[in-house]
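*Asks:* need a structure here:
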Amino acid sequence: MAIANSDYRINRQIRAREVRLIIEEQDDSGRPVSNNVGVVPIQQALQTAQDYGLDLVEVAPGATPPVCRVMDFGKFQYEQQKKERKAKKNQVKVEVKNIQLRPKTDDHHVGIMLKRARGWLEDGKKVRVQMRFRGREITHSHIGREKLEEFERELSDIGVVEQKPNMEGRDMVMVLAPNTK
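*Replies:* Purely as a prediction, here's the structure:
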């Protein structure tokens, strides 16, 4: 997950003849200020970076001419990693629970599966309901579709259908997500 040196060209790795140079300096209060020097030859940009004791980093290689910044590359990498960790920490990972049924599944067992699905939806998890057909059962896929639609009706107060029932090989799959209300 760490940023590799190959993601950014630094110092002598930059191949452009001239670059748009931006120098990062600090104002009186210590906040970073970007100073746009303009378009300069690469040798002058490298010399400027060396004078500051920092690195020349190509931040926008697709621009014409490429945009380079004079900055501490190690500190830049550290800040990027910190941002990635914070973004990853704030992500919400939605768990998907599976329920497998067959067309011949007894109503009592379907009721148990409905209770489980209701609990999972209340917990904010998605539920993937899989109707598995074996042998000649596939010729009566309408029975499986009816059972999945019944499942959907029973849970319509707490969940919404994210993926309508559709065939995936010998299985018919439907995904339910919790209501956002």
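
*Asks:* next one, pLDDT for the residue in the chain sticking out farthest from the centre please.
*Replies:* What lies farthest from the middle of the chain is Arg136; by Cα atoms, centre = their mean that is 40.8 Å. Model confidence at Arg136, given as pLDDT, is 89.

*Asks:* what's the helix or strand of the chain with the lowest mean pLDDT packed up against?
*Replies:* When each helix and strand of the chain is scored by mean pLDDT, DSSP states H and E, strand 32-41 comes last, with a mean of 79. With contacts taken as 3 or more Cβ pairs under 8 Å, 6 or more residues apart in numbering; DSSP states H and E, strand 32-41 sits against strand 18-26. (Glycine included, C-beta is placed from N, CA and C.)

*Asks:* and the strand it packs on, what's buried?
*Replies:* Within strand 18-26, the residues that qualify as buried are Glu18, Val19, Arg20, Leu21, Ile22, Ile23, Glu24, counting by 16 or more other Cβ atoms under 10 Å.

*Asks:* report the inter-axis angle for that strand versus strand 32-41.
*Replies:* Strand 18-26 runs at 160 degrees relative to strand 32-41, counting by axes from the mean of the first three to the mean of the last three Cα atoms, to 10 degrees.

*Asks:* what does strand 18-26 contact?
*Replies:* By Cβ atoms under 8 Å, 6 or more residues apart in numbering, the residues outside strand 18-26 that reach it are 32-42, 44-45, 48, 52, 58-59, 63, 65-71.

*Asks:* counting by contacts, list what the lengthiest helix in the chain packs against.
*Replies:* In terms of residue count, the longest helix belonging to the chain (DSSP state H) is helix 73-90. Identification of packing neighbours for helix 73-90 by 3+ Cβ pairs under 8 Å, 6+ apart yields strand 55-60.

*Asks:* name the helices or strands packed onto the strand it packs on?
*Replies:* Contacts defined by 3+ Cβ pairs under 8 Å, 6+ apart place strand 55-60 against strand 9-10, helix 42-52, strand 67-71, helix 73-90.

*Asks:* so what are the sheet partners of the shortest one and their directions?
*Replies:* Strand 9-10 pairs in its sheet with strand 55-60 (antiparallel), by DSSP bridges.

*Asks:* and the strand it pairs with, what's buried?
*Replies:* Of the residues in strand 55-60, Asp55, Leu56, Val57, Glu58 count as buried by neighbour count, 16+ other Cβ under 10 Å.

*Asks:* one step back: next secondary structure after the longest helix of the chain?
*Replies:* Downstream of helix 73-90, the first helix or strand assigned by DSSP states H and E is strand 96-101.

*Asks:* ok, back up a step: give the rounded mean pLDDT of the longest helix of the chain.
*Replies:* Confidence for helix 73-90, expressed as mean pLDDT, is 86.
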